[in-house]
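Chemist: Just a sequence and a predicted model for now, questions to come.
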Amino acid sequence: HLNFIIPMRRNSSLLPDMGEFSGVFMYDGRPVKYWRPSDSIYTFEDPILRMEEEKDYLIRIKEGKDGRKSFSEDPGNFGKIHLLSDLNEEPERVYRLYKQREYVEYAFNVYKNDLEADRPCLRDDGMLFTYMFLNLLSLYLHFQVLNMIGGEHSVRDVLLILSRIKIYNAGKSQILSEVPKKANELVSNLKINLDILRKNEELRI
């Protein structure tokens, strides 16, 4: 038996009257209000998302892209998510399960755009197994870096910034180029040891 969690349209005729919210839990450092209007429907409201949506809507009204009538007819839906599910769980657990889909979507996006893993050219099983293992390893490292930088940069940005650190061969020794300020900050924050770039003698700045 497969369970399901399906987002509903905000104007769905299946939605009953909400009434007073049932409680609050914390998610990702933000308070989330929830309702359980029926056994199969869960409603959540993120107050920060509510403010952002209301702000965007008012800007569209100012620019003439939306009318004030539609705003006044539906002001209570900003920041709300309505979920239809056959799970009989606490609302917080249902919300967290639903939010996990974002990580799956993000992983597929990394495979396609950052790793370019959607273009395999494989001739046998051995190549396929190697290809899948390396992609999995790359995805793991991607998320490790993402956790380390705390959302300040994308992993692609990190690689671009660090690519500006150059090493030049000078006979039997090597010379490390001047490290740009932004790259130096990343090296410090990520605790990267530039000595791993050595091949022969000590690096000289």
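Modeler: Alright, I've got the coordinates.

Chemist: use CA for all of it now, contacts and neighbours both
Modeler: Fine.

Chemist: Is Arg156 in contact with Asp114, as I believe?
Modeler: Yes: contact criterion CA atoms under 8 Å: Arg156 and Asp114 qualify, at 7.1 Å.

Chemist: Show me the contact partners of the helix or strand that contains Pro31.
Modeler: Using DSSP states H and E, Pro31 falls within strand 30-38. The contact list for strand 30-38 (CA atoms under 8 Å, 6 or more residues apart in numbering) reads 16-18, 20-26, 42-48, 91.

Chemist: Helix or strand with the lowest mean pLDDT in the chain?
Modeler: Least confident helix or strand of the chain, by mean pLDDT, DSSP states H and E, is helix 68-73 with a mean of 63.

Chemist: Following element in sequence after that helix, please.
Modeler: strand 80-85.

Chemist: What strands line up against that next one, and which way round?
Modeler: Strand 80-85 has its sheet partners listed here by DSSP bridges as strand 5-8 (antiparallel), strand 41-45 (antiparallel).

Chemist: Just to be sure, Arg50 is in a helix?
Modeler: Yes: counting by DSSP: H, G, I helix; E, B strand; the rest coil, Arg50 is found in a helix.

Chemist: Who are the contact partners of it?
Modeler: Contacts of Arg50 by CA under 8 Å, 6+ apart are Phe78, Gly79, Lys80.

Chemist: between those, which has the most around it?
Modeler: Phe78 (21 neighbours; other CA atoms under 10 Å).

Chemist: is it true that that residue touches Asp56?
Modeler: No: Phe78 is not in contact with Asp56 according to CA under 8 Å; the separation is 10.5 Å.

Chemist: Run the chain-centre distance for the helix ranked longest in the chain.
Modeler: Secondary structure of the chain per DSSP state H: the longest helix is helix 125-149. Helix 125-149 has its C-alpha centroid displaced from the chain centroid by 17 Å (CA atoms, centre = their mean, to the nearest Å).

Chemist: packing partners for that helix?
Modeler: In terms of contacts (3 or more CA pairs under 8 Å, 6 or more residues apart in numbering; DSSP states H and E), helix 125-149 is packed against helix 155-162.

Chemist: could you point out which element follows the helix it packs on?
Modeler: Later in the chain than helix 155-162, the nearest helix or strand by DSSP H and E is strand 167-170.

Chemist: Show me which residues of whichever helix or strand comes after that next one are buried.
Modeler: The C-terminal neighbour of strand 167-170 among helices and strands, as given by DSSP H and E, is strand 173-176. Using 16 or more other CA atoms under 10 Å as the test for burial, strand 173-176 gives Gln174, Ile175, Leu176.

Chemist: Please parse the protein into its domains.
Modeler: With domains defined by automatic domain parsing, the chain comprises 5-99, 104-158, 164-197.

Chemist: how far does the first one stretch from start to finish?
Modeler: Translated: domain 5-99. Terminal residues of domain 5-99 are spaced 10 Å apart (CA to CA, to the nearest Å).

Chemist: Please state the offset of it from the chain centre?
Modeler: The answer for domain 5-99 is 20 Å, by CA atoms, centre = their mean.

Chemist: Neighbours of Tyr98, how many?
Modeler: By the criterion of other CA under 10 Å, Tyr98 has 15 neighbours.
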